[in-house]
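Asks: please work out how this folds:
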Amino acid sequence: MAAAGGWKSGALAGIVGLVIGGGAVAGFYGFRSPDRAGTEEIVRQYILDHGEILPESMQRLQQRQASAAVGRHRAALETPFHSAWAGAADGDVVLVEFFDYACGYCRASNPDVERLLREDPRLKVVWRELPVLGPNSETAAAVSMAAARQGRFRQFHDRLFSLGRPTEATIAEAIRSVGVQPRGLTPEHRAEISRNIELARTIGSTGTPTFIVGDRVLEGAVGYETLKQAIAAARAAS
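Replies: This next block holds a predicted model:
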């Protein structure tokens with residue numbers, strides 16, 4: 001997956017730049033002879049004295065940058081790979097989840113997504129494969145995408161998660177119980193994984209699961225209530 005360091009350092013530079021820029025403007029209007037170096041020193045000292053503002057500022061800037069990226073790539077994010085979606089075909093809110101079958105947090109989040117689908121008839125969920133946790137992740141993703149092409153994605157998805165971590169045995173059991181015809185990693189599968197990795201990098205994702213609801217990017221097993229609130233907020237904003 002994309003490393004977080006470049007994203008965070010860029011965000012920090014942006015924050016400092018905005019603060020310095022604001023300080024320069026204040027200096028222009030507040031002083032008869034603005035001194036850029038002096039203004040920057042004032043800003044620097046303020047940041048040193050109030051360092052607690054930086055994490056919140058970085059978080060807000062990262063979310064704005066992620067929201068802008070979501071807006072630019074919404075069609076690609078919300079277009080499912082064959083049958084890798086559930087809910088209302090014309091849902092007024094789309095929840096996108098980047099996931100990995102070997103990710104315990106993805107497995108823990110699956111009941112939350114299932115509950116949201118049961119309770120919200122206007123919700124559409126799109127799943128995007130992001131197999132980054134080893135060979136078993138890739139094997140499971142290959143079968144999952146074969147299931148999506150055969151119209152059995154959700155059955156395979158839920159069954160494999162119910163069996164625990166993807167292993168040769170659990171994948172074989174999910175294949176048997178759902179009736180999927182596995183194909184291995186085809187060129188189409190590889191292209192889809194590459195596309196998903198690039199999309200995840202573009203929105204600043206640093207792990208799985210990553211959820212997109214409206215313009216918000218939520219990382220980790222954030223839970224049912226947080227996802228439900230994000231859906232309500234996206235619906236209210238539409």
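Asks: helices of the protein, residue ranges please.
Replies: Secondary structure of the chain by DSSP state H: the helices cover 4-30, 36-49, 53-72, 74-78, 104-119, 135-149, 153-163, 168-178, 187-202, 224-237.
Asks: which ones are touching the residue lying closest to His82 once chain neighbours are set aside?
Replies: Spatial nearest neighbour of His82, chain neighbours left out: Ala148 (4.1 Å); criterion: CB to CB, 6 or more residues apart in numbering. (C-beta placed from N, C-alpha, C; glycine too.) Going by CB atoms under 8 Å, 6 or more residues apart in numbering, Ala148 touches 80-84.
Asks: ok, now with 10 Å
Replies: Ala148 makes contact with 80-85, 127, 129, 154, 156-157, 180, 189, 192 under the criterion CB atoms under 10 Å, 6 or more residues apart in numbering.
Asks: and the pLDDT for the residue positioned nearest the centre of the chain?
Replies: With distances taken as CA atoms, centre = their mean, Thr210 lies nearest the centre of the chain, 3.1 Å away. Looking at Thr210, its pLDDT reads 97.
Asks: what distance do you get for Asn196 to Ala84?
Replies: To Ala84, Asn196 is 11 Å away according to CB to CB, to the nearest Å.
Asks: if we can go back for a sec, out of the contacts of Ala148, who has the most neighbours?
Replies: Counting neighbours by other CB atoms under 10 Å, Phe156 comes out on top of those with 27 neighbours.
Asks: the residue nearest to Arg72 when sequence neighbours are not counted: how many residues sit nearby?
Replies: Distance criterion CB to CB, 6+ apart; nearest residue to Arg72, sequence neighbours excluded, is Thr202 at 8.0 Å. Other residues within reach of Thr202, judged by other CB under 10 Å, total 16.
Asks: does Thr202 touch Ala76 like I think?
Replies: Yes. Thr202 is in contact with Ala76 according to CB atoms under 10 Å; the separation is 9.3 Å.
Asks: without its sequence neighbours, what residue ends up closest to Ala142?
Replies: Leu185 (4.6 Å).
Asks: got it, and Asp215?
Replies: Using CB to CB, 6+ apart, the nearest residue to Asp215 is Ser67, at 4.0 Å.
Asks: follow-up on the earlier one: you'd agree the residue nearest to the centre of the chain is up against Leu95?
Replies: No. Contact criterion CB under 10 Å: Thr210 and Leu95 do not qualify, at 11.3 Å.
Asks: which secondary structure element of the protein has the lowest mean pLDDT?
Replies: Every helix and strand of the chain was ranked by mean pLDDT, DSSP states H and E. The lowest is helix 4-30, at a mean of 43.
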